[in-house]
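1. what follows is a predicted structure for the sequence shown.
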Amino acid sequence: MVKSMVKNGTSFLFQTQKTIISAASILSFAYAISAGLSFVRTRVLATYFGDSFELGVFFVADRIPSFIYSLLVVGTLSAVFMPIFASIMKKDQDCAWKLSSTVINISLLTFSVFGVLAFIFARQVMLGLSAGHLSKEGLLLGASLMRIMMLAQFVLIFSSFISVILQSFRYFIIPALAPILYNIGMILGVVFLTPFLGIYGAAYGVVIGSFFHLLVQLPLLRKIKFKHSFSINLKEEGVSELMGLIPHRLLATVFYQVSAIIDTSLAILISAPSVVIFKFAEQLQSFPVNLFGVSIASAALPTLSLESDDKDFSKFKDTFLTSLHQMLFLVIPISIILLVLRVPLVRLVYGASKFSWEATILTSYSVAFFSFSIFSQAATYLITRAFYAIKDTRTPLKVMFFSVPFDILLSVFFIKYLNFGVWSIALSYSISSIFDFLILLHLLGKKVGWFDSNTLIEPFVKISYAAFFMGISLYAPMKILEKFIFDTTRTVPLIFLTIIATSFGIVSYLFFTRMFAVKEVDLLYSLVSRFKVRPSIEALKGASSMPEGTTTELS
């Protein structure tokens, strides 16, 4: 019996996913688990360190390793390496393995150069990131933490390439498990090492997590007959094409990461604990963005690419608008839940004994201001992928040239001249995100022959009305339960209050979407029916068989 269970489990883990819907569902489900574990990790950090100086320094020190990793992985894998590798693999496996070896070796070599520089000048880097506001002890602590976490990023680069290669062979389950194991490793590091090593335990937890991320994927490499050589051949097939496509994507990644680094630096201008508050709020608001924004945008990309060849873009526009409205149908109500239940949610996720009440309130303020732009953040993922589908990587980059500096200048104005708190960084981010969304949507419409205004706007207005009334239905029972029934100073009653209030909100949202004839509500019933019947792509505008050599994106 045990042998049979092991065999069936292995068969499940090693099976391929033939449709975009199945692949996207696995990615979404795995992300939900990974995000849940990420919240657990953050809660554990809050339990040990609260909104302390040490934890603030830890988050600042993590920015540079994450920045270099994002340049080398996000800038090459998500939009460039996957389709080229898959295309060559169809024709010649040996050439594909040589291409992957060259790209992996170049990435690791580049990271090693940057890593050595960051290792040597870690103290100076921390001084720059903190804008001179860290003490000598803080600089030394940050430099040490940064050096430890550099090792983790080196392992993650290689492991991330393996994830993409496995997905090119349509294996999604094991690569989806890798981030889950990564978070488990970090949690173990914090729980078991922090009592002995302090904040260094969290840094070593990142290293442990990176090895977990790699090890879980190694057994599947034999199945795909993975080959790697320690050689670099710039004349290899696909390398020149890769190098030609990378610059725009790379610059966009640089802009995004520089903006994130500057946000951290602005937060530390207020105080080191402000970095913790901003980081926690950012993590909470990013959950719906990644769960629905990234998954739907990633699943829609192959279909949009196939339909971009039509001269009138009619199918392309239909698929795009359907995906956009389905995404908004899912993310807008969650943003309302975050806005109304911000304090209970922050308390449940981060409310450890060492996380002060003042920090809880400031975090909830930041979450509230972030919630205004959750819809635009999610939609921007889809719009950007739509530009990639029509082979335009320039336009999103051009818009970032304006939106990112606008975000930074607005944050500086709020903090330096108006003396606003850390929540103002979330406010400026939301304003610039909405601005980014509107400009990109306008430019995309110009590219594809404009969208019908009624078809574009009417569903959004209906969903917004339903979400507004949902917010009222959510707020009223929360206040009644809080005042007359539950003692919210205790965790268990707080959990019950949150569950009951959220249930009221969800039921009312479904009621009002029916009342306003929001057709996207049918998506919910389609998702439920999928447990019984596997539909075709035409049922949900994007659920077709995955073409050879195509796969969903990770970011």
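-> That came in fine, so what should we check first?
2. from here on, contacts and neighbour counts on C-alpha atoms
-> Noted.
3. ok, how many other residues are close to Thr491?
-> Thr491 has 14 neighbours, counted by other C-alpha atoms under 10 Å.
4. helix/strand/coil for the nearest residue to it once chain neighbours are set aside?
-> Nearest residue to Thr491 in three dimensions, chain neighbours excluded: Leu348, at 7.3 Å (C-alpha to C-alpha, 6 or more residues apart in numbering). Using DSSP: H, G, I helix; E, B strand; the rest coil as the criterion, the local structure at Leu348 reads helix.
5. give me the pLDDT value at Leu348.
-> Leu348 carries a pLDDT value of 81.
6. now do the contacts for it.
-> 491, 494-495 (C-alpha atoms under 8 Å, 6 or more residues apart in numbering).
7. do you know how far it is from Ile337?
-> Leu348 sits 14 Å away from Ile337, going by C-alpha to C-alpha, to the nearest Å.
8. just to revisit the earlier point, what's the closest of the contacts of Leu348 to Trp423?
-> The closest of these to Trp423 turns out to be Leu494 (C-alpha to C-alpha; 24.2 Å).
9. go through the helix or strand harbouring the closest one and flag the buried ones.
-> In this structure, Leu494 is located in helix 491-515 according to DSSP states H and E. Within helix 491-515, the residues scored as buried using 16 or more other C-alpha atoms under 10 Å are 493-495, 497-498, 500-502, 504-506, 508-513.
10. quick revisit: give me the lowest-pLDDT entry from the contacts of Leu348.
-> Lowest confidence among the contacts of Leu348: Thr491, with 72.
11. so what's the residue lying closest to Phe211 once chain neighbours are set aside up against?
-> Once flanking residues are discounted, Phe211 sits nearest to Val155: 6.7 Å by C-alpha to C-alpha, 6+ apart. Residues in contact with Val155 (C-alpha under 8 Å, 6+ apart) are 210-211, 214.
12. which one of those is nearest Gln167?
-> Of the contacts of Val155, the one sitting nearest to Gln167 (C-alpha to C-alpha) turns out to be Leu214, at 14.7 Å.
13. which of the residues in stretch 336-354 are buried?
-> For stretch 336-354, by 16+ other C-alpha under 10 Å, it's 336-352, 354.
14. show the end-to-end separation of that stretch, please.
-> First residue to last in stretch 336-354 (C-alpha to C-alpha) measures 28 Å.
15. now swap in stretch 297-317 and tell me
-> 14 Å.
16. below-threshold pLDDT in the stretch 351-500 of the chain: ranges please.
-> 352-353, 487-489 (pLDDT under 70).
17. swap that for the stretch 101-250 of the chain, sorry
-> Short version for the stretch 101-250 of the chain, where the test is pLDDT under 70: 131, 245.
18. give me that answer again for 50
-> Across the stretch 101-250 of the chain, nothing is flagged by pLDDT under 50.
19. can you give me the helices in the stretch 201-350 of the chain?
-> 218-223, 239-270, 272-288, 295-307, 314-340, 342-350 (DSSP state H, counting those that start in this stretch).
20. over to the stretch 401-550 of the chain?
-> 423-448, 453-480, 491-515, 522-529, 537-540.
21. of those helices, flag the one that's most buried.
-> Mean neighbour count (mean count of other C-alpha atoms under 10 Å) peaks for helix 423-448 among the helices of the stretch 401-550 of the chain, with a mean of 20.
22. and it, how far from the chain's centre?
-> 18 Å (C-alpha atoms, centre = their mean, to the nearest Å).
23. then stretch 165-185?
-> 15 Å.
24. residues in contact with the spatially most central residue of the chain?
-> For the chain, Asn290 is the residue whose C-alpha lies nearest the centre (C-alpha atoms, centre = their mean; 4.4 Å). Going by C-alpha under 8 Å, 6+ apart, Asn290 touches 31, 378.
25. distance of Ser168 from Ser473?
-> 45 Å.
26. again, but for Val289
-> 23 Å.
27. how about Leu427?
-> For Leu427 relative to Ser473 (C-alpha to C-alpha), the value is 25 Å.
28. could you do Leu177 as well?
-> Leu177 is 37 Å from Ser473, by C-alpha to C-alpha.
29. so Leu134 belongs to a helix, correct?
-> No. Using three-state DSSP, the secondary structure at Leu134 is coil, not a helix.
30. A helix includes the residue nearest to Phe211, no?
-> Yes. Counting by three-state DSSP, Val155 is part of a helix.
31. begin at 56 from here
-> Sure, I'll start numbering at 56, so the last one becomes Val210.
32. so Ala355 sits right up against Leu379, yeah?
-> No. If you go by C-alpha atoms under 8 Å, Ala355 and Leu379 don't touch, sitting 9.9 Å apart.
33. so what angle separates the directions of the helix or strand where Ala414 lies and helix 478-503?
-> Here Ala414 sits within helix 412-426, counting by DSSP H and E. Here the directions of helix 412-426 and helix 478-503 differ by 10 degrees (axes from the mean of the first three to the mean of the last three C-alpha atoms, to 10 degrees).
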